[in-house]
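**Student:** the following comprises the amino acid sequence and a computationally predicted model.
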Protein chains: 2
Amino acid sequence: MLPIFEKYIKAQSTSFTDEEIRRIGAAAIQRKVRKKELLLNAGEVCRYKMFITKGFLRTYRIGSDGSEHLMQFSPELTWTTDGESYANRNPSDYNIDALEDSQLLLWSKDSFDALLTLIPALKAFSDQLISNNLHSSRNRIYKAISSTPEEKYEDFIRTYPGILLRVPLRMVASYLGMSVKTLSRIRQAQLQH
Amino acid sequence: MLPIFEKYIKAQSTSFTDEEIRRIGAAAIQRKVRKKELLLNAGEVCRYKMFITKGFLRTYRIGSDGSEHLMQFSPELTWTTDGESYANRNPSDYNIDALEDSQLLLWSKDSFDALLTLIPALKAFSDQLISNNLHSSRNRIYKAISSTPEEKYEDFIRTYPGILLRVPLRMVASYLGMSVKTLSRIRQAQLQH
DNA sequence: TTGAAATCGGGACAAATGTCCTCTTTCGAA
DNA sequence: TTCGAAAGAGGACATTTGTCCCGATTTCAA
C-alpha cells in the first residue's frame, strides 16, 4: 500500500523530500477491510484520517426516519474522515463503510498532528486539500439548490464518470437528493435519444 | 469600524496580543457601501477578504437561465469572500452585494498573506474559520439532500433567527432551493397552529 | 409627495415527484 | 450450487411543487 501512497504524494506535490514521504508513510496504520465493513459508526469519535489506496468507501448519514443519505463517495487515491469529529473528538453523525474490499492507510490525530508540525509541506498540502474540499462542497450546494434532477444527474456523470458503474443506482439517487424512481425515470428518458 | 473588529477578535480568540490586533486592523481598507452596491461582479477576480462590521451582504450566483441563487447571507460580524477566486486569482462565478447600507474592512491577498506569516495566531484563527465553514457547508448539503421543504424552512429559522426579518422571502426561498410559492405555502400552513 | 416597482398572498392548472406495488434479473451468502 | 435478498424497471395513483395569473400593500426613488 505504501508505494501507492508515495506515488500519489509525489504526483500531487513536489514539495516533499523522499525522507519526509517515508516518515509520513511510516506513521500510517495499514488496514484491509471487506465489503460492507464499517469504519466509522455514528456516535463514535472518528479517530483517523484515511487514505484509500485501493477500493471504495462511502460516507452516509441516517435520517430521523431511518433513511440513508449519502454524503460522499471515496474511491481509491482519495482521502476521507469526519473532519468535525476528528478535530474536536466529538461523536460523529456519519457512518463510513466499504462498498468494495479496500485497502487503507490510517493516521491518528496525534500522529498526524506531529507530522504537520514536523513537515511544513504537509501542512501546506493538507490546507490545499481542505480548500479543495470547501470549493467542491460549495459547488455541490449550488447544484443542489439550482439544478433540476436531470441537470444533477448529468452533472454527476460528467463530474464522476465511472462511479455510476461501481455503485447501485439508489446510492447515486441518495447522493443527489432524489428518489430512485426519479433517477430511473431520467435514465429511461435518456434512452430515447 | 476598527473598534468593532477589535472587540470581535478578542471575543473569538485570546491568542492575539494587542499589538497583533492593531497590526491586523491597520492593514485593512475601510469601506462604506450603500444598499444594492456591488462588491464583487461575476467574471472579476475577488481581490479581498471582507469583514462586515455593520450591515448585511449576500453572495449569489446567476444560473444559465438568468435566475439568482443565493449562496450566503453575511450579516455584521461575519467574514465573506470567494475563497476560490481570492486564492487563485481566478474570475469568480459569484456576485456579492449589499442588502443594507454596510461598513466593511477589506484585506487584499498580499497584505493578508503577509499578516498570516507574521502572526501565527492569525493563521490558526483563519484555519479555524475555514474549518467551521466546511462543517456548516456539509450540514447544508445534508439538509439539502435529506429534508423536505418544511424541514428546511424550520431549520433555517432555527439556525438563522433574525435573517427572515431583514430580507425578502424570495431570497430565503432562493437560499433554500425552493420556489417562493412553496415557501409561502409552508408559512401559510404554519399559521393554522 | 407621487408614481413605478417590488413584495407577497392566493387561485387555477399543469408538471414533476414520491409512494406503493409487482415482476424480473442479478447478486451474494450459506 | 441454491435459495433468499437486493436491484431496478414499470404502472397507478396521490401529493407536492412550479408556473402563470391577479390584486392589495409596501417600498423606493425621482
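**Tutor:** Here it is on my side, so go on.

**Student:** CA only for contacts and neighbour counts going forward, please
**Tutor:** Will do.

**Student:** residue A:10 and residue A:17 touch, don't they?
**Tutor:** No: with contact defined as Cα atoms under 8 Å, residue A:10 does not reach residue A:17; the gap is 9.3 Å.

**Student:** beta partners for the spatially most central residue of chain A?
**Tutor:** When Cα atoms, centre = their mean is applied to chain A, the residue found nearest the centroid is residue A:74 (3.4 Å). Beta bridges link residue A:74 to residue A:57, judged by DSSP bridges.

**Student:** you'd agree it is up against residue A:56?
**Tutor:** Yes: Residue A:74 lies in contact with residue A:56 (Cα under 8 Å); the separation is 5.7 Å.

**Student:** need the overlap of contacts for those two.
**Tutor:** Common contacts of residue A:74 and residue A:56 (Cα atoms under 8 Å, 6 or more residues apart in numbering or on different chains): none found.

**Student:** and the helices in chain A?
**Tutor:** Defined through DSSP state H, the helices belonging to chain A, from first to last, are A:2-12, A:18-26, A:83-88, A:109-118, A:120-146, A:149-159, A:163-166, A:169-176, A:180-191.

**Student:** are the last one and DNA strand C in contact anywhere?
**Tutor:** Yes: under the criterion of Cα under 7 Å from any atom of the strand, helix A:180-191 makes contact with DNA strand C via A:180-182.

**Student:** out of those, the closest to residue A:152 would be?
**Tutor:** residue A:182 (11.5 Å; Cα to Cα).

**Student:** residues in contact with that closest one?
**Tutor:** By Cα under 8 Å, 6+ apart, the contact list for residue A:182 reads residue A:149.

**Student:** those residues of chain A touching chain B, which are they?
**Tutor:** A:63, A:69, A:71, A:83-84, A:133-135, A:137-138, A:140-142, A:144-146, A:174-178 (Cα under 8 Å from any Cα of the partner chain).

**Student:** picking that back up, so which of the helices of chain A comes closest to residue B:95?
**Tutor:** helix A:120-146 (13.3 Å).

**Student:** give me the average confidence score over stretch A:40-54.
**Tutor:** Stretch A:40-54 comes out with an average pLDDT of 97.

**Student:** show me the contact partners of it.
**Tutor:** Under the criterion Cα under 8 Å, 6+ apart, external residues in contact with stretch A:40-54 comprise A:1, A:4-5, A:61, A:74-82, A:85-86, A:89-97, A:102-109.

**Student:** take these and keep only those in strands.
**Tutor:** Cross-referencing the contacts of stretch A:40-54 against strands under DSSP state E gives A:61, A:74-75, A:78-80, A:95-97, A:102-108.

**Student:** for stretch A:159-168, output the C-alpha coordinates as CSV.
**Tutor:** What follows is the C-alpha trace of stretch A:159-168 in CSV, where atoms were taken according to Å, rounded to 0.1, in the frame of the first residue of the first chain:
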residue,chain,number,x,y,z
THR,A,159,-18.0,15.1,-12.7
TYR,A,160,-17.7,11.5,-11.5
PRO,A,161,-17.5,9.2,-14.6
GLY,A,162,-17.1,5.7,-13.5
ILE,A,163,-18.8,5.8,-10.1
LEU,A,164,-22.1,5.0,-11.7
LEU,A,165,-20.7,1.7,-12.8
ARG,A,166,-19.5,0.8,-9.4
VAL,A,167,-22.4,1.5,-7.1
PRO,A,168,-26.2,0.8,-7.1
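
**Student:** hmm, it in reach of DNA strand D?
**Tutor:** Yes: in this structure, stretch A:159-168 sits against DNA strand D according to Cα under 7 Å from any atom of the strand; the contacting residues are A:167-168.

**Student:** output the below-cut-off pLDDT ranges for chain A.
**Tutor:** In the predicted model of chain A, residues A:192-193 satisfy pLDDT under 70.

**Student:** for DNA strand D, what are the nearby residues on it?
**Tutor:** If contacts are counted using Cα under 7 Å from any atom of the strand, the residues of chain A sitting beside DNA strand D are A:167-170, A:181, A:184-185, A:187-188.

**Student:** neighbour count and distance to residue A:42 for those - can I get that in CSV?
**Tutor:** Rendered in CSV, the data for the residues of chain A next to DNA strand D read as follows (neighbours: other Cα atoms under 10 Å in any protein chain shown; distance: Cα to Cα, whole Å):
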residue, neighbour count, distance to residue A:42
A:167, 14, 22
A:168, 11, 22
A:169, 15, 24
A:170, 16, 21
A:181, 12, 28
A:184, 14, 30
A:185, 11, 33
A:187, 14, 33
A:188, 11, 36
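
**Student:** show me which of the residues you listed is closest to DNA strand C.
**Tutor:** Checking the residues of chain A next to DNA strand D against DNA strand C by Cα to the nearest atom of the strand gives residue A:181 as the nearest, at 4.8 Å.

**Student:** excluding its backbone neighbours, what's nearest residue A:123?
**Tutor:** Of all residues not flanking residue A:123 in the chain, residue A:116 sits nearest, at 5.2 Å (Cα to Cα, 6 or more residues apart in numbering or on different chains).

**Student:** neighbours around that neighbour, how many?
**Tutor:** Per other Cα atoms under 10 Å in any protein chain shown, the neighbour tally for residue A:116 reads 17.

**Student:** narrow the ones in strands among the contacts of stretch A:40-54 to those that are buried.
**Tutor:** A:61, A:74-75, A:79-80, A:95-97, A:102-108 (16 or more other Cα atoms under 10 Å in any protein chain shown).

**Student:** of the residues you listed, which is the nearest to residue A:38?
**Tutor:** Relative to residue A:38, the closest of these is residue A:97; by Cα to Cα it sits at 4.3 Å.

**Student:** quick check: bridge partners of the closest one?
**Tutor:** With DSSP bridges as the rule, residue A:97 is bridged to residue A:38, residue A:58.
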